[in-house]
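A.B. asks: give me coordinates for this.
(one chain, ligands or ions: 3)
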Amino acid sequence: MLIVQKFGGTSVGDLDRIQNVANRVSETKKAGNDVVVVVSAMSGETNKLVGYAEHFSSNPSRAEMDMLLSSGERVTASLLSIALNEMGFSAVAMTGRKAGIITDSLHTKARIEEINPDVMISAIKDGKIIVVAGFQGVNENGDVTTLGRGGSDLSAVAIAGAIKADLCEIYTDVSGIYTTDPRIEPKAKKLDNISYDEMLELASLGAKVLQNRSVELAKKLNVNLVTRTSFSNEEGTLITKEENIMEKPLVSGIALDKNQARISLMGVIDRPGIASEIFSKLALNDVNVDMIIQNKAHDGTTNIDFTVPVGDLYEAKGVVDTFVQKGDVKDDSYNEKICKVSVVGVGMKSHAGVAAKAFSAMAVESININMISTSEIKISMVVDEKYAELAVRSLHNAYELDK
Ligand code: ADP
Ligand code: ASP
Ligand code: MG
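C.D. replies: Ligands and ions are numbered 1, 2, ... in the order given. As a prediction, this is how the structure comes out:
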């Protein structure tokens, strides 16, 4: 078999763990498989580099950030390759560029446009173990780009698609996909399998166990994706097509996203087209707007509240400022101390009363819900950040996910 194995930050968190990864990769190779390994930076390393940049600037150039952040993954890729060579294997470390990963130029959250796998494929034919530095590519000018936080997952899936791997294994520090983050709710249950759509929803709503874009791509390319732990041989969770899953629970999981901020615009001039102007300009600046609420104020103006990822706040403020200066918006305020909790399940489509249960779970704990949005397969609520964990646990309990 041709297998892509991706190891996340904790799995390569120190030199012993890198050796552990080398041992695991060597077992896979010795069993007769071809292996392409994708690695993250050592855990904490990317945040450390971000911190270094922030020492000098509150808004560093995103292209320079990519030069900086991509270095973390190169360290682990080369160390792992050195370890494998020392064990008698023929291994070669590759940057994103060498692996043929071409992206657009949206620095720090670039999209993969194509992969030219020729160099990888000829190295595989030569019997080599390839170790690719995850999270990175290059744009058409050859500038280094990165794929958004958690982006090594995306590297792994994209490579698995490009080289037509039989399997893509994502090794992390938990043994699979759980009904919610097991670090928040120890009673969370590991799932044997989950559909691409549910996983995509969980990941998009904050379950960082897989980067959402990696799930989207796995679905599109029909990549066989398994999430498992690098610390034991325990079986993981298969992420697969909905029709492969026999049992369809009403609710499959609870997600938490603490990385959201709420922007409130007060006294917005009430004329047709204003919402379109504001949100088009936000979109032009690559600000990812999520929930939106609009209310009429007493003085004939309106108030508009919306959420954005914390990482987009700087750009969002810049856009809002232009409307404040024009007088279209009287006042603006920002709240980073919020979070979004979500209930996800494809089974919801055909059931009534699922949302009511979520609201009453919040009521029982006296948690105030600030914003609500629903779709066919999810219910999301914005609440104060201090209630984040409590909200997750009470929802997990309300839907009896520990059963
Ligand atoms: P890696 O560094 O290996 O990429 P991450 O830290 O990005 O690992 O993702 C793994 C973490 O995701 C787990 O430690 C866990 O706390 C968190 N997580 C959030 N939601 C879930 C979930 N539903 N199932 C499993 N893990 C989850
Ligand atoms: N090192 C990068 C991050 O911390 C990418 C990854 O780990 O997947 O976001
Ligand atoms: Mg990750």
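A.B. asks: most proximal residue of the stretch 201-350 of the chain with respect to ligand 2?
C.D. replies: Proximity of the stretch 201-350 of the chain to ligand 2 (C-beta to the nearest ligand atom) peaks at Gln211, 6.7 Å away. C-betas here are computed from N, CA, C, even on glycine.
A.B. asks: I'd say that residue and Ala203 touch.
C.D. replies: Yes: Gln211 is within contact range of Ala203, at 6.6 Å (criterion: C-beta atoms under 8 Å).
A.B. asks: Phe56 - how many residues pack around it?
C.D. replies: Phe56 sits with 8 neighbouring residues when counted by other C-beta atoms under 10 Å.
A.B. asks: for it, phi and psi?
C.D. replies: phi -100, psi -30 (degrees, to the nearest 10).
A.B. asks: ok, the one 3 residues further on next?
C.D. replies: With angles defined as degrees, to the nearest 10, Asn59 sits at phi -140, psi 70.
A.B. asks: what secondary structure does the residue nearest to Leu250 when sequence neighbours are not counted sit in?
C.D. replies: Spatially, and ignoring its direct neighbours in sequence, Leu250 is nearest to Gly347 (4.0 Å; C-beta to C-beta, 6 or more residues apart in numbering). Secondary structure assignment for Gly347 (DSSP: H, G, I helix; E, B strand; the rest coil): helix.
A.B. asks: what about Asp305, distance to Val268?
C.D. replies: Between Asp305 and Val268 the distance is 10 Å, computed by C-beta to C-beta, to the nearest Å.
A.B. asks: compute the number of surrounding residues for the residue in the chain that ligand 1 sits nearest to.
C.D. replies: For the chain, the residue closest to ligand 1 is Gly8, as judged by C-beta to the nearest ligand atom, at 1.7 Å. By other C-beta under 10 Å, 26 other residues sit near Gly8.
A.B. asks: what sits against it?
C.D. replies: Neighbouring residues of Gly8 by C-beta atoms under 8 Å, 6 or more residues apart in numbering: Ser40, Ser43, Ser152, Asp153, Ile170, Tyr171, Thr172, Asp173, Ser230.
A.B. asks: let's see it at 10 Å
C.D. replies: 38-41, 43, 134, 150, 152-153, 156, 170-173, 208-210, 227, 230 (C-beta atoms under 10 Å, 6 or more residues apart in numbering).
A.B. asks: so what sits against both of Asp305 and Val268?
C.D. replies: Common neighbours of Asp305 and Val268 (C-beta under 10 Å, 6+ apart) are Gln294.
A.B. asks: for the one residue in the stretch 51-200 of the chain that gets nearest to ligand 2, give me its contacts.
C.D. replies: At 3.2 Å from ligand 2, Ser152 is the closest residue in the stretch 51-200 of the chain, using C-beta to the nearest ligand atom. Ser152 makes contact with 6-9, 38-41, 46, 73, 76, 132-136, 146, 170, 211, 214, according to C-beta under 10 Å, 6+ apart.
A.B. asks: also Gly51?
C.D. replies: Gly51 touches Gly44, counting by C-beta under 10 Å, 6+ apart.
A.B. asks: what distance do you get for it to ligand 3?
C.D. replies: The gap separating Gly51 from ligand 3 is 19 Å, by C-beta to the ion, to the nearest Å.
A.B. asks: just confirm yes or no for the strand or helix carrying that residue near ligand 2.
C.D. replies: Per DSSP states H and E: Gly51 is located in helix 45-56. Yes: using C-beta under 6 Å from any ligand atom, helix 45-56 comes into contact with ligand 2 via Thr46.
A.B. asks: wondering if that helix reaches ligand 1 at all.
C.D. replies: No: counting by C-beta under 6 Å from any ligand atom, ligand 1 has no neighbours in helix 45-56; the shortest distance is 9.7 Å.
A.B. asks: what comes up buried for that helix?
C.D. replies: Glu45, Thr46, Leu49, Ala53 (16 or more other C-beta atoms under 10 Å).
A.B. asks: mind listing what the residue nearest to Met362 when sequence neighbours are not counted touches?
C.D. replies: Nearest non-adjacent residue to Met362, counting by C-beta to C-beta, 6+ apart: Ile369, 5.5 Å away. Listed by C-beta under 10 Å, 6+ apart, the contact set of Ile369 reads Val341, Ala358, Phe359, Met362, Ala363, Met381, Val382, Val383, Asp384, Tyr387, Ala391.
A.B. asks: next step: the contacts of Ser152 restricted to helices.
C.D. replies: Thr46, Glu73, Thr76, Ser214 (DSSP state H).
A.B. asks: and the second one, what does it touch?
C.D. replies: This points to Glu73. 9, 12, 38-42, 45-46, 93, 95-96, 132-136, 146, 151-152, 155 are the contacts of Glu73 under C-beta under 10 Å, 6+ apart.
A.B. asks: now do the same contact list for Val392.
C.D. replies: So Val392 contacts Thr180, Asp181, Ile184, Glu185, Ala188, Ile254, Ala255, Leu256, Cys339, Val341, Ser342 (C-beta under 10 Å, 6+ apart).
A.B. asks: of those residues - the most surrounded one?
C.D. replies: Ile254 (32 neighbours).
A.B. asks: please, which helix or strand holds that residue?
C.D. replies: strand 253-257.
A.B. asks: that strand pairs with which strands?
C.D. replies: strand 338-344 (antiparallel) (DSSP bridges).
A.B. asks: now, the most widely separated pair of the contacts of Val392?
C.D. replies: Taking C-beta to C-beta as the measure, the contacts of Val392 span a maximum distance of 17.6 Å, between Ala188 and Cys339.
A.B. asks: confidence score at the residue in the chain sticking out farthest from the centre?
C.D. replies: Taking C-alpha atoms, centre = their mean, the residue of the chain most remote from its mean C-alpha position is Asp299, at 41.6 Å. Looking at Asp299, its pLDDT is 87.
A.B. asks: what about Lys125, how many neighbours?
C.D. replies: Around Lys125 there are 9 residues (other C-beta under 10 Å).
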